[in-house]
Structures are given as structure tokens and as C-alpha cells.
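Engineer: Any chance you can model this:
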Amino acid sequence: MLTDPLSAVFGALADPTRRAILARLATGEASVTELAAPFAMSLPAVSKHLKMLERAGLISRRREAQWRPCRLAPEALQEATEWLDAYRRFWDESLDNLAEYLERAQSGERAQSEEKKQ
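Structural biologist: Just a heads-up that it's a prediction; the model follows:
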């Protein structure tokens, strides 16, 4: 069982079915039946996906008589976004440094080539 919230979020996002469910919920609330419609799986299987999303804090469910609408809870993605942003900044800086290095190296090669021609 995943213990920390970040692991729970990434674990939930690891499955394409759960990502598709989140994409659908980004357009508004939906029932389990509505969420299950595009998938070739049983309602209990979809319910298992929803439980994992709910445990990760990515969705919330409430009861309205017989209807249990699900809704997106995007605030749970905040910690994951912050974690990913730190690595995005690292790689952006690293790639910028590499581009600068390659540009300097190519400029040096061009200068040496011009000197040889003269």
C-alpha cells in the first residue's frame, strides 16, 4: 500500500484508464455509469479505479439519493506539480548549459577552420 500522498498520486496517474477518467472529470461531474461508458470493463472494475483515485485525493464523491457523482479534486495534483517543476527547472538549466557549450564548441571549430584556410 502506498503511504505518502505523492506516491499515491503518481500511483493513481500510472494507469491510462485512471488518467482518462480524470480527463473526463475535467469537463464536470459524472456518475460511475457515465465514467464507465467508454471502457470495455465492468462497473466494479471502474469502481476500483475510482477508489484508487479517491484514496490519492484526485477525485471526490458524494451521495445524492441513488446517484454518487464524482468530481475532480485538482488540488491533490499541486504537490506532484511542485515536485515535477523542480526537475523541469533542473533539466531546462542543464539543456541550456549544453546548448551554450555546443554553440561555443562550434564557434571554436569554425574559427580554427578559418585560420587553417588563411
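
Engineer: use CA for all of it now, contacts and neighbours both
Structural biologist: Will do.

Engineer: For L50, see how far away A65 is.
Structural biologist: Distance from A65 to L50, counting by Cα to Cα, to the nearest Å: 19 Å.

Engineer: how about low-confidence regions in the chain?
Structural biologist: 1-2, 118 (pLDDT under 70).

Engineer: most centrally placed residue in it?
Structural biologist: Nearest to the mean C-alpha position of the chain, by Cα atoms, centre = their mean, lies L13 at 6.3 Å.

Engineer: what helix or strand is the nearest residue in space to that residue that is not next to it in sequence on?
Structural biologist: Closest residue in space to L13, ignoring its immediate chain neighbours: R19 at 5.8 Å, by Cα to Cα, 6 or more residues apart in numbering. Using DSSP states H and E, R19 sits within helix 16-25.

Engineer: buried residues in the helix or strand following that helix?
Structural biologist: Note on helix 16-25: by DSSP H and E, the next helix or strand toward the C-terminus is helix 32-36. By neighbour count on 16 or more other Cα atoms under 10 Å, the buried set for helix 32-36 is V32, L35, A36.

Engineer: residues contacting the second one?
Structural biologist: Same thing as L35. I21, R24, V46 (Cα atoms under 8 Å, 6 or more residues apart in numbering).

Engineer: 7 Å - rerun?
Structural biologist: I21 (Cα atoms under 7 Å, 6 or more residues apart in numbering).

Engineer: cool, the last one as well?
Structural biologist: With contacts taken as Cα under 7 Å, 6+ apart, A36 has the following neighbours: L43, V46.

Engineer: still on that earlier bit, okay, the buried residues of helix 32-36 in JSON lines with distance to E114 next?
Structural biologist: Listed next are those as JSON lines, based on distance: Cα to Cα, whole Å:
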{"residue": "V32", "distance to E114": "70"}
{"residue": "L35", "distance to E114": "66"}
{"residue": "A36", "distance to E114": "67"}
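
Engineer: closest to P69 among those?
Structural biologist: V32 (7.1 Å; Cα to Cα).
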